[in-house]
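Novice: Based on what follows, work out the 3D shape:
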Amino acid sequence: MTYKQEEIKPYDPDSDKGEQVARMFNNIAHSYDKLNHRLSWNIDKIWRKAAINSLRRYNPRTILDIATGTGDFAIEAARMLAPDLIIGADISIGMLKIGNEKVKKLGLDSVIAFKKEDCMNLSFEDNAFDAVTAAFGIRNFADLDRGINEMYRVLKPGGHLSIVELTAPVHHPIRELFKIYSHTILPLYGKLISHDNVAYSYLTATIEAFPQGEKMVSILKNAGFSDACFKRHTFGICTTYFATK
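Specialist: Numbers count the residues shown, from 1 in each chain. Now for the predicted structure:
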């Protein structure tokens, strides 16, 4: 099945989306953390912790963090869950470079390792991880079903999936206020700080197009996950999803 956000590309509508997404994140890697925290008023940190908390009772020893970016989710998971190993996978070398620097500075490089990966075709063996996580990244998949199927494949039977993703609020008046913010302040400030003319307009477009709530739960169940559920946060600006293989 094709989803609307898969057709949205940062730069060229006729070129490969995966290559463009890698290029975009390489371009904005230098300012990504600053913008993430400022544009969300630092609430993104709370959202990550909520997603990690959903795994705490299961005590996962090996975790794959998909679309890890600069590693914020992996770092927080290492602190909160104390696993044996977290692998942060991402398509952008620029983002991974910054993640590596952060992890070494924090002394977590014995727990967290980064690897360049195409999330549509992961290099890991079947049933390899106790948990798979993804924060603010699956909207960028060129093929959402394929990416979800890969996450399912590398997860051990009985393992858990935890996703945190930006979403469009569904209730008035937050829905209208968020739309104004995401179409004005967010892309303008993002452009000024990142020096990329389109990255944060692309962000808004993919948030609005991405399947959310019950529809996303249905996608997870169609991939084979059981007990899939979701919870909206901060008036629906962010949603966490949890599922079991």
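
Novice: top helix in the chain by residue count?
Specialist: helix 93-106 (DSSP state H).

Novice: Which residues does that one contact?
Specialist: Outside helix 93-106, the residues that touch it by C-beta atoms under 8 Å, 6 or more residues apart in numbering are 22, 25-27, 29-30, 32-33, 68-71, 74-75, 88, 90, 109, 112, 114-116. The C-beta positions use only the backbone N, C-alpha and C, and glycine is treated the same way.

Novice: try 10 Å this time
Specialist: Residues outside helix 93-106 that contact it (C-beta atoms under 10 Å, 6 or more residues apart in numbering) are 22-30, 32-33, 65, 67-72, 74-75, 78-79, 86, 88-90, 92, 108-117.

Novice: Also stretch 197-204?
Specialist: Applying C-beta under 10 Å, 6+ apart, the external contacts of stretch 197-204 come out as 5, 8-11, 20-21, 24-25, 27-28, 31-32, 35, 39, 136, 139-140, 166, 168, 178-179, 181-194, 196, 205.

Novice: And those residues, which of them are buried?
Specialist: Buried members of the contacts of stretch 197-204, counted by 16 or more other C-beta atoms under 10 Å: 5, 8-11, 20-21, 24-25, 27-28, 31-32, 35, 39, 136, 139-140, 166, 168, 178, 182, 186-187, 190, 193-194, 196, 205.

Novice: Restricted to helices, list these.
Specialist: If you go by DSSP H, these have 20-21, 24-25, 27-28, 32, 35, 39, 178, 182, 186-187, 190, 193-194, 205 in helices.

Novice: And the lowest-mean-pLDDT helix or strand in the chain, what does it pack against?
Specialist: Across the helices and strands of the chain, mean pLDDT, DSSP states H and E gives its lowest value to helix 32-39, namely a mean of 86. Helices and strands touching helix 32-39, by 3 or more C-beta pairs under 10 Å, 6 or more residues apart in numbering; DSSP states H and E, are helix 43-53, helix 72-81, helix 93-106, helix 185-194, helix 199-209.

Novice: Show me what counts as buried in stretch 66-84.
Specialist: Buried residues in stretch 66-84 (16+ other C-beta under 10 Å): 66-78, 81, 83.

Novice: And for stretch 113-127?
Specialist: 114, 117, 119-120, 122, 124.

Novice: Report the two of those residues separated the most.
Specialist: Using C-beta to C-beta, the buried residues of stretch 113-127 reach their maximum pairwise distance at 114 and 120, which is 18.3 Å.

Novice: which residues does the nearest residue to residue 129 once chain neighbours are set aside bridge with?
Specialist: Distances taken as C-beta to C-beta, 6 or more residues apart in numbering place residue 64 nearest to residue 129, at 4.5 Å, with adjacent residues excluded. Counting by DSSP bridges, residue 64 forms beta bridges with residue 87, residue 132.
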